[in-house]
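Chemist: turn this into a model:
(2 chains)
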Protein chains: 2
Amino acid sequence: MNIKTYLSEKKTLVENALGQFIPPVEEPFTNHLESVHYSLFVGGKRVRPILCLAAGRAVSDDSAIEEKLLPIGCALECIHTYSLIHDDLPAMDNDDLRRGKPTNHKVYGEAAAILAGDGLLTWAFDLIAGAGDSYLSAQQRLQIIQIIARAAGSLGMVGGQALDIENENRQFPFEMLRTIHKNKTGALITASVLAGAVGGNATASQFSALKQYGEQIGLAFQIVDDLLDVTSTTEELGKAANSDASLGKATYPSYFGIDETRKKAQEAVALAIESLKEFDQKAEPLRQLADYIYSRSN
Amino acid sequence: MNIKTYLSEKKTLVENALGQFIPPVEEPFTNHLESVHYSLFVGGKRVRPILCLAAGRAVSDDSAIEEKLLPIGCALECIHTYSLIHDDLPAMDNDDLRRGKPTNHKVYGEAAAILAGDGLLTWAFDLIAGAGDSYLSAQQRLQIIQIIARAAGSLGMVGGQALDIENENRQFPFEMLRTIHKNKTGALITASVLAGAVGGNATASQFSALKQYGEQIGLAFQIVDDLLDVTSTTEELGKAANSDASLGKATYPSYFGIDETRKKAQEAVALAIESLKEFDQKAEPLRQLADYIYSRSN
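Modeler: Modelled structure (predicted):
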């Protein structure tokens, strides 16, 4: 398989589904829904939905498994997008640029941006709960809602973001950076993989292998993000480069330097792939996704 | 029955459940969870959870129905509290006082307040999805998640708040005020009643009667809120009085004057009670709750 073709195909699948599942821009909420659509369709690699689809595929013989996981994938993308909108707010990271375009609050104002995020987060659960039994069983959908909500909430992504903000311009041990990353970025990435696992009816041992995979992939993803922030230009990133340093945020390179950081990303990717050793060729997209994440750092 | 005793008993029941269901303030998210607890336990009448419990009771012979609805009631209170935290933000209504205490962002800062709201909203769905089958069936919980998420999201409360902000300092026809109220306040109140109805296994005709009840009670609630904003002092309200006028917000009294507005609240309460005419004495709390809402305006 060619990973670039795979990613591009799945991205189209996810974006078509988003267009179908997200409420259209209509009266009376025209402006609000426009701001929601703006951030959701401004671009993005759709990594979380694709991880969800690929994890379902890795454990399932159901030829329709990816279609059945599309509402979950779209919900994950809604939650990811909401987190970006809120993180970019003046009270948080105060970013003007995201995916090469002005951030939501720069276009629609702060109040609208807060509400766009709130709407997207809420829609995610509406979408999963409302997906009929022809997608996934009631028990599967409930389990997935719980996995995602736990990962996205106070004990996961939101908690991690709170720690990140609190620790700006502070010196702290590397353990804290690990805790911030694990929650702020890692938790939702792992949940994306696990949601796919539940949807694909993974066995207990497959579930636990996919959990390991998700954790290592989440770690690699964050390390690479830290690297890119240091080594890329704003134009390449589509968001402000060097923003971590300018916000006084610790990063992997600030602890380990660039070469050692790159090695750590490579190790995480290797561990992710290693955790799939019992899986057959249906897990090939997951393996190549791991390599792809590392390849972004070069 | 004595409505004041009833309200006080149910409030205690809900607050004990909140204490049980909400994550305790713990490392590593101590500060974040403290800000969540602050707003959740700063007070409040717990009207939405109580409406949910009372609606379940009105249609069910299960003596444990109220206990079974407690996770749902707590989820509703989490969502209501999140909406207050976000509405109070400087970018929104910029309120310093809520329930007689400093608003969340005045105590913890804007970033923390945004995240406290995000955490509470996410927790609500975690709580419902995670409530075991001994509370409600998987199908009931999914249906309730969908009802609540739809009411709370872009096509309900969040959309209504967006319209409210957009229309500050603007002249608009009364119809728009109705749309704002219906979504910003009414939708979640109606959803609270309907969530109880689903939990109590309401028949189709009971469900539709409770929908009517919820809509009228939501309307009455908002009209009374508008009235109180005009006729009370800041001390009585526990939040800034006359804030609607100072934010350039239209209210029922600004269209109809105080006497006519009071009459409209009374009519809504009468219609709410009327919609319960086929219900037996188990619906008495719902009837008296309707009266109680009106009584606040005097």
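Chemist: can you get me a residue count around residue A:9?
Modeler: Neighbours of residue A:9 under the rule other C-beta atoms under 10 Å in any protein chain shown: 12. (Glycine included, C-beta is placed from N, CA and C.)
Chemist: same question, residue A:246
Modeler: Neighbours of residue A:246 (other C-beta under 10 Å): 11.
Chemist: residues in contact with it?
Modeler: residue A:240 (C-beta atoms under 8 Å, 6 or more residues apart in numbering or on different chains).
Chemist: so how far is residue A:237 from it?
Modeler: 13 Å (C-beta to C-beta, to the nearest Å).
Chemist: what residues does the stretch 1-150 of chain A put near chain B?
Modeler: Contact residues (C-beta under 8 Å from any C-beta of the partner chain) of the stretch 1-150 of chain A with chain B: A:23, A:28-29, A:31-33, A:36, A:82, A:86, A:89, A:91-92, A:109-112, A:114-115, A:117-123, A:125-126, A:128-130, A:138-139, A:141-143, A:145-146, A:149-150.
Chemist: in helices, which of the residues you listed fall?
Modeler: A:31-33, A:36, A:82, A:86, A:110-112, A:114-115, A:117-123, A:125-126, A:128-130, A:138-139, A:141-143, A:145-146, A:149-150 (DSSP state H).
Chemist: list only buried entries from those.
Modeler: With burial judged by 16 or more other C-beta atoms under 10 Å in any protein chain shown, the buried subset of those is A:31-33, A:36, A:82, A:86, A:110-112, A:114-115, A:117-123, A:125-126, A:128-130, A:138, A:141-143, A:145-146, A:149-150.
Chemist: assign a three-state SS to the residue positioned nearest the centre of chain A, would you?
Modeler: Among the residues of chain A, the one closest to the centroid is residue A:48, at 4.4 Å (C-alpha atoms, centre = their mean). Secondary structure assignment for residue A:48 (DSSP: H, G, I helix; E, B strand; the rest coil): helix.
Chemist: same check on residue A:292?
Modeler: helix.
Chemist: around it, how many other residues sit close by?
Modeler: By the criterion of other C-beta under 10 Å, residue A:292 has 17 neighbours.
Chemist: so it touches residue A:7, yeah?
Modeler: Yes. Between residue A:292 and residue A:7 there is a contact at 7.2 Å, judged by C-beta atoms under 8 Å.
Chemist: could you pull up the mean pLDDT of stretch A:34-44?
Modeler: What stretch A:34-44 shows for mean pLDDT is 96.
Chemist: OK, contacts around residue A:37?
Modeler: A:22, A:25.
Chemist: for it, give its distance to residue A:108.
Modeler: In terms of C-beta to C-beta, residue A:37 sits 11 Å off from residue A:108.
Chemist: for stretch A:183-199, what is the distance to the chain centroid?
Modeler: Here the centre of stretch A:183-199 is set off from its chain's centre by 8 Å, with C-alpha atoms, centre = their mean, to the nearest Å.
Chemist: buried sites along the host helix or strand of residue A:14?
Modeler: Taking DSSP states H and E as the definition, residue A:14 sits inside helix A:3-21. For helix A:3-21, the neighbour count (16+ other C-beta under 10 Å) marks A:6-7, A:10-11, A:13-15, A:17-18, A:21 as buried.
Chemist: got the angle between it and helix A:110-130?
Modeler: Here helix A:3-21 runs at an angle of 90 degrees relative to helix A:110-130 (axes from the mean of the first three to the mean of the last three C-alpha atoms, to 10 degrees).
Chemist: quick one: contacts of helix A:3-21?
Modeler: A:40-41, A:45-46, A:49-50, A:53-54, A:66, A:70-71, A:73-74, A:77, A:127, A:285, A:288-289, A:291-292.
Chemist: same question for it, mean pLDDT?
Modeler: Rounded mean pLDDT across helix A:3-21 is 97.
Chemist: now swap in stretch A:198-216 and tell me
Modeler: So the average pLDDT for stretch A:198-216 ends up being 98.
Chemist: hey, where'd the strands end up in the stretch 101-250 of chain A?
Modeler: A:101-102 (DSSP state E, counting those that start in this stretch).
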